[in-house]
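Trainee: Quick one: sequence plus predicted model below, questions after.
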Amino acid sequence: MFHISPNTKKCLREEIHKDVLVAGEYEISDAPGQKVNLAVTDSKGHILYNKEDIKKGKFAFTTEEYDMFEVCFEAKMTAGGHGSDIEVTLDLKHGVEAKQYDDLAKAEKLKPLEVELRRLEDLSKSIVDDFEYMKSREKEMRDTNESTHSRVMYFSIFSMCCLLGLATWQPRHNLSIAKKEREMKRSKPTIRLQ
């Protein structure tokens, strides 16, 4: 539950995996002279659900890919409206929580124990899917870490070679300058004044 001021927009974001059922139920408090619009979008701006002047309702969709989803409520004041905050109640569920097992039990004529077993089966599948996702993310992070490590190592070796090159070049250069100065002093004719 949260509040929206008149002529403002409030958005909630959540990252959700691929092929996950998302269900939401919302209710808006009565606010004369104001209307609230609801939009559900993904990170690419695709509209998954859109409804204007909402009061109470439900929405549901299944994700096509792993993405960031955004649920936005926008309060707009109509002519003659007054500026009080609007109370919004949102119940957003996804995955096993969003599935309607009561409807499934009626449709497939399942006993309560069978419904509970189906729910537990879906829950265990969800957990396995989460572990597989975490494993793939761990592999990606490990690969990135190893790549960064090798780049840092090669850069360190290159830096050390540059420093060693400078360390051997600088004394030789200084010696050659000193030799040239000595030779110039020796070859310079001395003028004696009488």
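Mentor: Ah, there it is.
Trainee: Run through the neighbouring helices and strands of the helix or strand harbouring Phe61.
Mentor: Using DSSP states H and E, Phe61 maps to strand 56-62. Secondary-structure packing of strand 56-62 (3 or more C-beta pairs under 8 Å, 6 or more residues apart in numbering; DSSP states H and E): strand 21-28, strand 34-42, strand 47-51. For glycine as for every other residue, the C-beta is placed from the backbone atoms N, C-alpha and C.
Trainee: That strand: partners in the sheet, and parallel or antiparallel?
Mentor: Taking DSSP bridges as the criterion, strand 56-62 forms sheet pairs with strand 21-28 (antiparallel).
Trainee: Can you report how many residues lie near Gln34?
Mentor: Around Gln34 sit 22 other residues, with neighbours defined as other C-beta atoms under 10 Å.
Trainee: correct me, but it touches Phe73?
Mentor: No. Assessed by C-beta atoms under 8 Å, Gln34 is found out of contact with Phe73, at 11.6 Å.
Trainee: circling back to that earlier point, let me know the next secondary structure element after the strand holding Phe61.
Mentor: That would be, after strand 56-62 and using DSSP H and E, strand 67-77.
Trainee: Now do the helix or strand bottoming out on mean pLDDT in the chain: everything it contacts.
Mentor: Every helix and strand in the chain was compared by mean pLDDT, DSSP states H and E; the lowest is helix 101-108, with a mean of 85. Residues outside helix 101-108 that contact it (C-beta atoms under 8 Å, 6 or more residues apart in numbering): 110-112, 114-115, 118-119.
Trainee: Also stretch 77-97?
Mentor: So stretch 77-97 is contacted by 1-7, 10, 12, 14, 16, 20-29, 31-36, 71, 73, 75, 119, 122-123, 126 (C-beta under 8 Å, 6+ apart).
Trainee: between the longest helix seen in the chain and helix 101-108, how many degrees?
Mentor: If you go by DSSP state H, the chain has its longest helix at helix 112-187. Using axes from the mean of the first three to the mean of the last three C-alpha atoms, to 10 degrees, the inter-axis angle of helix 112-187 relative to helix 101-108 is 130 degrees.
Trainee: picking that back up, which among the contacts of stretch 77-97 end up buried?
Mentor: 4, 6, 10, 16, 20-24, 26, 28-29, 31, 34-36, 71, 73, 75, 126 (16 or more other C-beta atoms under 10 Å).
Trainee: hmm, back to that, including distance to Tyr154 and mean pLDDT, could the helices and strands packed on strand 56-62 go into TSV?
Mentor: Supplementary listing: the helices and strands packed on strand 56-62 in TSV, determined by distance: least, C-beta to C-beta, whole Å; pLDDT from 0 to 100:
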stretch	distance to Tyr154	mean pLDDT
strand 21-28	45	94
strand 34-42	39	93
strand 47-51	46	94
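Trainee: Same list (the ones you listed) but as JSON lines, adding distance to Ser156.
Mentor: Shown next, in JSON lines, are the helices and strands packed on strand 56-62 (distance: least, C-beta to C-beta, whole Å):
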{"stretch": "strand 21-28", "distance to Ser156": "47"}
{"stretch": "strand 34-42", "distance to Ser156": "42"}
{"stretch": "strand 47-51", "distance to Ser156": "49"}
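Trainee: Cheers, nothing more for now.
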